[in-house]
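Trainee: predicted structure and sequence below. I'll ask about it afterward.
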Amino acid sequence: MLRPLADVDPGLPTSTGAYTDRVPARRPRLAPTQAHDELVESLAHLREDLELAAAFPAEVEAEAHHAASAVATDPDAAQLDDLRDIDFVTIDPEGSVDLDQALHLERTGTGAVLHYAIADVPAFVIPGGAIDAEARLRGQTLYAADGRIPLHPVVISEDAASLLPDQDRRAFVWRFVLDDRARPVETTLRRAIIRSRARWSYVDAQAAVDAGTAPPSLEALAWFGPLRLEREAERGGASLNVPEARIVADDGGYRLERDAPLAIEDWNAQVSLLTGMAAADIMLKGRVGILRTMPAAEADDVAAFRAQTVALGIPWPADVPYGDYLRGLERDSPAALAILDAAAGLFRGAGYATFDGAPPADPLQAAIGAPYAHATAPLRRLVDRWSLVICEALANGQEVPTWARESLPSLPKIMARSDGVANRLGAATVDRVEAALLSGHEGEVFESVVLGQRGDGARVQLTDPPVTAKVAGLDAAAGATVRLRLETVDIDSGTVVLEHTA
């Protein structure tokens, strides 16, 4: 799934692909059976194979506990602005405690004013100290079905720096004055003390908006989100927001769901997107910083994709922008599933570009349609700490901290290595859970949709459970419905062997 907007906590691992429907007809569950026991053992082996960090070293924990108690959150003691009178709220997946972002959105006669608070992680991390060194080794928080591996010790990431409700917290606070089309006409950034009023889950927030009982900030998101999606279309951006397979812990086991995103998830993501574009603009104007970049799709790839849409019976008209075409697809048809799966492949080559002086020759994040920077998830992603301190200095006419400037060139390699580990962990975890879900069903036949050809076979998605797999030797057109017999399952390697049957 292409989600360049995804700065929110992704929760348990997910995989890319299409989907069947919002709630599967049946929900396979893993009870304490042999399959579940094998899955637990396999996930432990996976952590060992990837050499994932476990506990933090003693010196890191000691420094974290000292910082948690020593960093001032009183406005006078911290010598920071007092913004505790603003009714910030957080919106995150259910159960999240590492809360990077809090927002307050207020409608005005000419548009709105958006305050967006980002956890002040730099206040707790000494440059060159033990926490900093360990964070550079980890790069980001990693998510596995059997628990996450945090970037920072939990005393910081889930407590002292987290924007938990009813707690005074340090934050970088972005303030955007928006016009009647949700375009920023004035942007400021300052450090302050804030206090969140409530922690909302996406499900509860959406229900409150739908019922008309939401607080003003959530109500205003229903105005902001659609208008920002219009601005995205104007830029030529294309956030697919294709539902992912999500692993859900359940009754001592795991199940796999593939749900369409709620509208409020997209609206909230647009807040992070706006902020990331503002951060990129500040750094480009200041001639120092780090951008999240992605090259435009190659012309041959675009032409091949356009031809595939014709073959699947849903042609992409030449006069319709790419993003508008994708947003208009009926996503529950086999042909649309295949198109969305192919569309994600157009966006490749994402990376980080640092600069101190001349900006990058190509600063664009093509999927977003504008320069963009990661700047809203410092509890869970290393690079955001640099973006925040650089932007705050530039926005207020101050010198960029020497430590941030001098260490910029090291970040792309750190983040590339960390992204590689995260991708391998996510994909391997989903493979193993999918195998466990199918274990014991060998010999059964499953209805499936062909997503596209892959080398000597085809990539398919089972209708129920929503498992994706490659079927060797399968020669079938994308969008076709086929029947597949499950031959073998190996939970430890996450391998599933399916064969086409008439």
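Mentor: Yep, that arrived. Residues are numbered from 1 along each chain as shown.

Trainee: pLDDT below threshold where in the stretch 151-300 of the chain?
Mentor: Applying pLDDT under 70 to the stretch 151-300 of the chain flags the ranges 239-246, 250-253, 257-260.

Trainee: quick one: the strands in it?
Mentor: 168-178, 184-201, 245-250, 253-258, 288-293 (DSSP state E, counting those that start in this stretch).

Trainee: and if you look at the stretch 1-150 of the chain?
Mentor: Going by DSSP E, counting those that start in this stretch, the stretch 1-150 of the chain shows strands at 14-15, 81-82, 88-92, 101-108, 111-119.

Trainee: which neighbouring elements make contact with the fourth one?
Mentor: Contacts of strand 101-108 with other secondary structure elements, assessed using 3 or more CB pairs under 8 Å, 6 or more residues apart in numbering; DSSP states H and E, are made with strand 88-92, strand 111-119, helix 216-235, helix 263-286. Where you see a C-beta, it was placed from the backbone N, CA and C, and this is true even at glycine.

Trainee: tabulate those (TSV), appending mean neighbour count.
Mentor: Shown next, in TSV, are the helices and strands packed on strand 101-108 (neighbours: other CB atoms under 10 Å):
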stretch	mean neighbour count
strand 88-92	23
strand 111-119	23
helix 216-235	18
helix 263-286	23
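
Trainee: which residues of the stretch 301-450 of the chain score low on pLDDT?
Mentor: Using pLDDT under 70, the flagged stretches of the stretch 301-450 of the chain are 331-332.

Trainee: let's have the strands of the stretch 151-300 of the chain in TSV, adding mean neighbour count and distance to Arg459.
Mentor: Shown next, in TSV, are the strands of the stretch 151-300 of the chain (neighbours: other CB atoms under 10 Å; distance: least, CB to CB, whole Å):
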stretch	mean neighbour count	distance to Arg459
strand 168-178	23	40
strand 184-201	19	33
strand 245-250	19	13
strand 253-258	22	15
strand 288-293	25	27
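
Trainee: and the strands of the stretch 1-150 of the chain as TSV, adding mean pLDDT and distance to Gly328?
Mentor: Formatted as TSV, the strands of the stretch 1-150 of the chain follow (pLDDT from 0 to 100; distance: least, CB to CB, whole Å):
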stretch	mean pLDDT	distance to Gly328
strand 14-15	40	24
strand 81-82	97	44
strand 88-92	97	27
strand 101-108	98	28
strand 111-119	98	27
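
Trainee: as JSON lines, these with distance to Val445 would be great.
Mentor: Below are the strands of the stretch 1-150 of the chain laid out as JSON lines (distance: least, CB to CB, whole Å):
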{"stretch": "strand 14-15", "distance to Val445": "23"}
{"stretch": "strand 81-82", "distance to Val445": "64"}
{"stretch": "strand 88-92", "distance to Val445": "40"}
{"stretch": "strand 101-108", "distance to Val445": "46"}
{"stretch": "strand 111-119", "distance to Val445": "50"}
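
Trainee: quick one: closest of the helices and strands packed on strand 101-108 to Arg190.
Mentor: strand 111-119 (10.6 Å; CB to CB).

Trainee: that closest one: partners in the sheet, and parallel or antiparallel?
Mentor: Here strand 111-119 is paired, per DSSP bridges, with strand 101-108 (antiparallel), strand 168-178 (antiparallel).

Trainee: closest one to Asp456 among those?
Mentor: Comparing those against Asp456 with CB to CB, the closest turns out to be strand 101-108 (44.6 Å).

Trainee: what's the closest one in contact with?
Mentor: 7-8, 86-91, 112-119, 163, 171, 194, 196, 216-217, 220-221, 223-224, 268, 271-272, 376-377 (CB atoms under 8 Å, 6 or more residues apart in numbering).

Trainee: if you count neighbours, what's buried in it?
Mentor: Residues 101-105 are the ones in strand 101-108 that count as buried (16 or more other CB atoms under 10 Å).

Trainee: thinking again about what came up before, can I get the helices and strands packed on strand 101-108 in JSON lines including distance to Ala358?
Mentor: Shown next, in JSON lines, are those (distance: least, CB to CB, whole Å):
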{"stretch": "strand 88-92", "distance to Ala358": "38"}
{"stretch": "strand 111-119", "distance to Ala358": "28"}
{"stretch": "helix 216-235", "distance to Ala358": "24"}
{"stretch": "helix 263-286", "distance to Ala358": "11"}
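
Trainee: out of those, which is closest to Asp159?
Mentor: strand 111-119 (11.2 Å).

Trainee: what about stretch 451-464, average pLDDT?
Mentor: The pLDDT scores in stretch 451-464 average 87.

Trainee: would you mark the buried spots in stretch 303-317?
Mentor: 305, 308-309, 312, 314, 316.

Trainee: each with direction, which strands does the host helix or strand of Val450 pair with?
Mentor: Assigned by DSSP states H and E, Val450 belongs to strand 445-454. Using DSSP bridges, the strands paired with strand 445-454 are strand 457-462 (antiparallel), strand 481-490 (antiparallel).

Trainee: pick the most deeply packed of those strands.
Mentor: Most buried of the strands paired with strand 445-454, by mean neighbour count (mean count of other CB atoms under 10 Å): strand 457-462, with a mean of 22.

Trainee: so which bits of the helix or strand just after that strand are buried?
Mentor: Reading on from strand 457-462 to the C-terminus, the next helix or strand found by DSSP H and E is strand 468-472. Within strand 468-472, the residues that qualify as buried are 468-471, counting by 16+ other CB under 10 Å.

Trainee: now, which of these sits nearest His65?
Mentor: Nearest to His65 among the buried residues of strand 468-472, with distances taken as CB to CB, is Thr468, at 43.1 Å.

Trainee: picking up where we left off before, residues in contact with the strand holding Val450?
Mentor: Contacts of strand 445-454 (CB under 8 Å, 6+ apart): 17-18, 20, 308, 334, 337-338, 341-342, 458-464, 468, 470, 474-486, 498, 501.

Trainee: can you list the buried residues in it?
Mentor: For strand 445-454, a neighbour-count test (16+ other CB under 10 Å) marks 446, 448-452 as buried.

Trainee: next: stretch 38-50.
Mentor: For stretch 38-50, by 16+ other CB under 10 Å, it's 38-40, 42-43, 46-47, 50.
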